[in-house]
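**Student:** Test case, fold it:
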Amino acid sequence: MQTETNTNSLVGDGASSGGIVYGQSATDLIGFYGTAPVAQITTYTALTDSSGGTAAAGTGIQALTSTYNSALVVNGISTCAAAINGILANLRTLGIFK
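**Tutor:** Here you go, the predicted model:
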């Protein structure tokens, strides 16, 4: 583990698109912003959206009116589930967790 307090930078060669990999396996320990290093997190799963609503990721959650409208509620739930699942997918793509 590195204990040096100087800032480190990794710079690609600019000629290849290989990128930089932190950790070679899911059991390698990595920490960000001063947190304790941990192995790759594997406990998150996608939300199952059984609300029956229609996700509206482009427009967000509509305001609830003074008249109860269950369609607005279930569409809001569906939009939240879609957004959370998108975040989870992006973090998986980055390898933050599986």
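
**Student:** three-state assignment of the residue of the chain positioned farthest from its centre?
**Tutor:** Distance from the C-alpha centroid of the chain, by Cα atoms, centre = their mean, peaks at residue 67 (34.8 Å). The three-state assignment at residue 67 reads coil, by DSSP: H, G, I helix; E, B strand; the rest coil.

**Student:** Strands of the protein, residue ranges please.
**Tutor:** For the chain, no strands are identified by DSSP state E.

**Student:** got a list of what the closest residue to residue 74 other than its chain neighbours touches?
**Tutor:** Nearest residue to residue 74, sequence neighbours excluded (Cβ to Cβ, 6 or more residues apart in numbering): residue 53, at 3.3 Å. C-beta coordinates here come from the backbone N, C-alpha and C atoms, glycine included. Under the criterion of Cβ atoms under 8 Å, 6 or more residues apart in numbering, the neighbours of residue 53 are 71, 73-79.

**Student:** How about residue 29?
**Tutor:** Residue 29 neighbours (Cβ under 8 Å, 6+ apart): 23, 37-39.

**Student:** change it to 6 Å
**Tutor:** Applying Cβ atoms under 6 Å, 6 or more residues apart in numbering to residue 29 gives the contacts 37-39.

**Student:** next one: residue 41
**Tutor:** By Cβ under 6 Å, 6+ apart, the contact set of residue 41 is residue 97.

**Student:** Tell me how far it lies from residue 27.
**Tutor:** 12 Å (Cβ to Cβ, to the nearest Å).
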